[in-house]
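Participant: sequence-free structure coming up:
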C-alpha cells in the first residue's frame, strides 16, 4: 500500500495530486492467491519475467478508490500482522483524509508527506 503525491503545473499553479496505490507481488506458485484477491476487490494482475533468474512473478495492483474502500472494510475486520498492520493504518488514515477532502489543504499535504515517509521506512526494514 502506497501513498503517492504528484505535483503538476495547472494554470500556472502547482497542484498536488494524491493517489492511493495497492500492489502485492508474489511468485508464480502463488498466482491463485492474487486471483482470489482480484476476485474479491477488483484491480488487475500483471506478469513479470526476470531474465537473470529465469523466473516469473505476478503482481496485483489497484489505484481505484472503491477498491481501496473494499480493502479497508476487509482489513478493519481481519487485521494484518507485524509492520504490515502499521503500514495499513497509515494507508487508512490517508484514505480517510482524501475522503474528507483534507488532502486539498496545505496542512493535509504536509500530513500525507509524513505518512508517505513513514510508510517508506517500513518498506525498507527487514520483516
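Facilitator: Nice, thanks for sending it over. Model, not experiment: these values are computed from the prediction.
Participant: residues in contact with the longest strand along the chain?
Facilitator: Counting residues, the longest strand found in the chain (DSSP state E) is strand 13-27. For strand 13-27, the surrounding residues in contact (C-beta atoms under 8 Å, 6 or more residues apart in numbering) are 1-9, 33-34, 37, 43, 55-63, 65, 67-68, 71, 91, 94-95, 98, 103, 109, 112. Any C-beta I mention is one placed from the backbone N, CA and C, and that applies to glycine too.
Participant: Just the ones in strands from the residues you listed, please.
Facilitator: Filtering the contacts of strand 13-27 for strands - DSSP E - leaves 2-9, 55-62.
Participant: what's around residue 81, how many residues?
Facilitator: For residue 81, the count of nearby residues is 6 (other C-beta atoms under 10 Å).
Participant: Return the residues in contact with residue 98.
Facilitator: 18, 20, 65.
Participant: Please tell me how far it sits from residue 65.
Facilitator: Remark: distance between residue 98 and residue 65 (C-beta to C-beta, to the nearest Å) = 8 Å.
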